[in-house]
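**Student:** coordinates for the following, if possible.
(one chain, ligands or ions: 2)
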Amino acid sequence: MPAIEYRHPREESAASRWSRLNPIATPEDYIESLKGRDVHVFMFGEKIAEPVDHPIIRPSINALARTYQLAIEDPELATAHSDLIDAPVNRFLHMVTSPQDLVMKNRMQRRMGQLTGTCFQRCAGLDCLSVLHSITYDIDQKHGTSYHQRYLDFLKLAQRNNIILAAGMTDPKGDRSKRPSEQADPDLFMHVTKRTAEGVYVTGAKAHMTGGLNSHWICVMPTMNLGPDDKEYAVVGMVPGDAHGLTYIYGRQSCDTRALETGDIDKGNARYGGQEVLVVFDNVFIPHEHVLMDGEYAFAQEMVARFTAYHRASYVCKTGLGDVLVGAAAAVAEFNGADGASHIKDKLVEMTHLNETIYSSGIASSHEAKQLPSGIFMNDAMLANVCKQNVTRFPYEISRLAQDIAGGLMVTLPSEADFNHELTGPILEKYLKGRSNLPVEFRQRILRLIENMTLGRNAVGYLTESMHGAGSPQAQRIQILRGMEVERKKALAEDLAGINRKEEAL
Ligand code: SF4
Ligand code: FE
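**Tutor:** Numbering: from 1, shown residues only. Ligands and ions are numbered 1, 2, ... in the order given. Now for the predicted structure:
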C-alpha cells in the first residue's frame, strides 16, 4: 500500500484535500483515512480529540469498515463495474443499471446486517447519490443548468477514492405546522446564507445523521417539499466531513457506556455499533462544483419521493439483523436445553416468517424497478413503502419472541465482573449452568447479544431506527394512500358485481 497522507495543512480547502485522497481499498485504509481530521466533535459534554480511538465511537467505525472487507471477501456481492470510471467499484457507490443491480444491493445489505448485527451506515449515502443521478438530470432538462455534469464529476471522485458519503436529509423542522420560510428561527431548515462568485454558504443542522462522523463527505439535501417562498432552502451540495463550520454532537444510545467497561461479554456485540449524530452547519462554504441544486424548489418533493423509494427498500438491511436474532434465539434455547420443545420451534418459525416477509417486499420492489430518463433505475415505490412499513413493526415482534425464548435471565444476569470475582464467580458458574456439557459463558454471551439487539445499543438500529429511519410509519402510509389506486380497484369490484354506475345515473 502506498503511504496514505490524510493529514493536512489547514489552509488547504477540505474539498480540494479530499479530491486528492488516495483510494481506500482495505478496512485499515478506511480507519486510517478518518484519523487526524480536524473535526469538531462533542460527546458527554466534552470535545473529543480523536474520535477514531474513542471506545464508544470505534464500533460504529468498525461497522463501516466491514463494507470494505466484504468487497474484498466477496467481490461478486459487494462490488460492481462502473461504466463511468471503467473499473470495479464498491457496490455502495455503484449507480444501478438494471433491476438486478438493485437486487444485488439488497442481498449485500442483508449480508452486511448478518455480519455486523447493527446499522452499517453506508446505504443512505448511496441512496442520495442514486436520487441525484436522475434529479440533477431532470433539473438540467427543465432549467438548462449543468448540475448533472457536476454530479458525474463528484461521482467519479467518490468511486475512484472509494469514499463514504453520509446523507444529510433530516432538518430539525421546528414548528411542524410551519413551512421552512415561516419558522421563527430560519436555521431550523438548512438554507443558503450567502452567495459569492465561488459558491454558496449554508447554515442549519441535520439531525439523526447516520454515520455522519464516519463519513468523508456529507450530502445535504431538502427534507420535504418546498414552495416559492422556500427558495433559499432548496439547496443540495456535497460538503467534506471536515469542512470549516461543522460541529458534530454525538447521539447517545442505550447502554453506550458499557463500551467504556473492561471485558467484552456485557457489551453484547463488542465489535460493531451504529452511529447517529446531530451535525450543525455554521456558514459552511460549498463551491459551485459541489452545488447540485440552488433554488429549484419545485424539484424538492420529487427528490424526497425518489429518495424514499430507494431508501425504504434499503431497509431489508434489518433482515440481516433478524437472521442474527433468530440464530441467537435458537442458540439460547439449545443452551437452556429447550430446543426440542415444539413451541420454541414454532416461535422460531414465526420469527423467520416475519423476517422473510420484510425481505420479500424489499426484494420485490427492486425486481420491479423502472428506468428513469437519466438512465438509472429506481425501486418500485409502493413495494418499497410496504417494505419499510413492515420494518416499522415486524422487528418488534421478532424481538418479543427472542425475549420470550431467552427468558428472564437476559435482564437479571449479573455482570461479567461478578463472573470473574473469586467469590461470586464459582457461585454463578454453579447456579447459572444450563446444559451440563456447555460452558455458562455461552449462555452469558448469547443473552447479552439478545439484550444488545432488543434493549441495548443495537436496539437503536434494530428497533427505533426501524420505526423512524427513512421516515416514520405515517410517512409510508401517506405514500401507500397516494399509490393505492382505490378508484381503479372499485371499478374492478363493481364490474364483477354487475354494477353499472352510468346506467344508474341515467
Ligand atoms: Fe443502511 Fe439499514 Fe443503516 Fe439505513 S438503517 S444506513 S439502510 S444499515
Ligand atoms: Fe437509517
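**Student:** mind naming the longest helix for this structure?
**Tutor:** helix 342-367 (DSSP state H).
**Student:** residue contacts, the nearest residue to residue 201 once chain neighbours are set aside?
**Tutor:** If the residues on either side of it in the chain are set aside, residue 201 comes closest to residue 194, at 4.2 Å by C-beta to C-beta, 6 or more residues apart in numbering. For glycine as for every other residue, the C-beta is placed from the backbone atoms N, C-alpha and C. The contact partners of residue 194, by C-beta atoms under 8 Å, 6 or more residues apart in numbering, come to 200, 201, 283.
**Student:** neighbour-wise, which one of those leads?
**Tutor:** residue 200 (22 neighbours; other C-beta atoms under 10 Å).
**Student:** you'd agree that residue is in a strand?
**Tutor:** Yes: counting by DSSP: H, G, I helix; E, B strand; the rest coil, residue 200 is part of a strand.
**Student:** nearest spatial neighbour of it, chain-adjacent residues omitted?
**Tutor:** Using C-beta to C-beta, 6+ apart, the nearest residue to residue 200 is residue 192, at 4.9 Å.
**Student:** starting from residue 33, give me the distance back to the residue in the chain that ligand 2 sits nearest to.
**Tutor:** At 3.3 Å from ligand 2, residue 469 is the closest residue in the chain, using C-beta to the ion. Going from residue 469 to residue 33 by C-beta to C-beta, to the nearest Å gives 26 Å.
**Student:** returning to what we had before: reformat the contacts of residue 194 as JSON lines; add pLDDT.
**Tutor:** Below are those laid out as JSON lines (pLDDT from 0 to 100):
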{"residue": "200", "pLDDT": "97"}
{"residue": "201", "pLDDT": "98"}
{"residue": "283", "pLDDT": "97"}
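**Student:** got the phi and psi for the closest residue in space to residue 121 that isn't next to it in sequence?
**Tutor:** Spatially, and ignoring its direct neighbours in sequence, residue 121 is nearest to residue 211 (2.9 Å; C-beta to C-beta, 6+ apart). Here is the backbone geometry of residue 211 (degrees, to the nearest 10): phi 60, psi 20.
**Student:** ditto for the one 10 residues further on
**Tutor:** Taking degrees, to the nearest 10, you get phi -150, psi 160 for the backbone angles of residue 221.
**Student:** equivalent analysis for the one 3 residues further on, please.
**Tutor:** For residue 224, the backbone dihedrals are phi -160, psi 170 (criterion: degrees, to the nearest 10).
**Student:** quick one on the thing from earlier: so the residue of the chain closest to ligand 2 makes contact with residue 315?
**Tutor:** Yes: shown here, residue 469 and residue 315 form a contact pair, counting by C-beta atoms under 8 Å, at 7.1 Å.
**Student:** check contacts around the residue nearest to residue 121.
**Tutor:** Applying C-beta under 8 Å, 6+ apart, the residues contacting residue 211 are 60, 64, 119, 121, 122, 124, 125, 164, 166, 274, 275.
**Student:** continuing past whichever strand or helix holds residue 429, what's the next helix or strand?
**Tutor:** Using DSSP states H and E, residue 429 maps to helix 424-431. As assigned by DSSP H and E, the chain's next helix or strand after helix 424-431 is helix 440-454.
**Student:** is ligand 1 contacted by that following helix?
**Tutor:** No: with C-beta under 6 Å from any ligand atom as the criterion, ligand 1 is not reached by helix 440-454; the gap is at least 13.5 Å.
**Student:** name the residues that touch that helix?
**Tutor:** Contacts for helix 440-454 (C-beta under 8 Å, 6+ apart): 117, 255, 265-269, 321, 324-325, 328-329, 331-332, 335-336, 399, 402-403, 406, 409-411, 413, 416, 419, 428-429, 432-434, 458-459, 462-463.
**Student:** just the buried ones among those residues, please.
**Tutor:** 117, 255, 265-269, 321, 324-325, 328-329, 331-332, 335-336, 399, 402-403, 406, 410, 413, 416, 419, 428, 432, 434, 458-459, 462-463 (16 or more other C-beta atoms under 10 Å).
**Student:** now the spatially most central residue of the chain: how far from ligand 1?
**Tutor:** Most central in the chain under C-alpha atoms, centre = their mean is residue 121, positioned 4.4 Å from the mean C-alpha point. According to C-beta to the nearest ligand atom, to the nearest Å, residue 121 and ligand 1 sit 5 Å apart.
**Student:** so how far is stretch 110-124 from its chain's centroid?
**Tutor:** 8 Å (C-alpha atoms, centre = their mean, to the nearest Å).
**Student:** any idea which element the closest residue in space to residue 306 that isn't next to it in sequence lies in?
**Tutor:** With C-beta to C-beta, 6+ apart as the criterion, residue 306 has its nearest non-adjacent residue at 4.6 Å, and that residue is residue 131. Using DSSP H and E, residue 131 sits in helix 123-143.
**Student:** and that helix, anywhere near ligand 2?
**Tutor:** No: using C-beta under 5 Å from the ion, helix 123-143 stays clear of ligand 2, coming no nearer than 5.7 Å.
**Student:** packing partners for the helix or strand following that helix?
**Tutor:** Scanning forward in sequence from helix 123-143 by DSSP H and E, the next helix or strand is helix 147-161. In terms of contacts (3 or more C-beta pairs under 8 Å, 6 or more residues apart in numbering; DSSP states H and E), helix 147-161 is packed against helix 14-19, strand 87-90, helix 123-143, strand 291-294.
**Student:** closest to ligand 1 out of those?
**Tutor:** helix 123-143 (3.1 Å; C-beta to the nearest ligand atom).
**Student:** the longest helix of the chain and ligand 1 in contact?
**Tutor:** No: for a cut-off given as C-beta under 6 Å from any ligand atom, helix 342-367 has no contacts with ligand 1; the smallest distance is 10.0 Å.
**Student:** what parts of the stretch 351-500 of the chain come near ligand 2?
**Tutor:** residue 469.
**Student:** about what we covered before: distance of the residue nearest to residue 306 from residue 303?
**Tutor:** In terms of C-beta to C-beta, residue 131 sits 6 Å off from residue 303.
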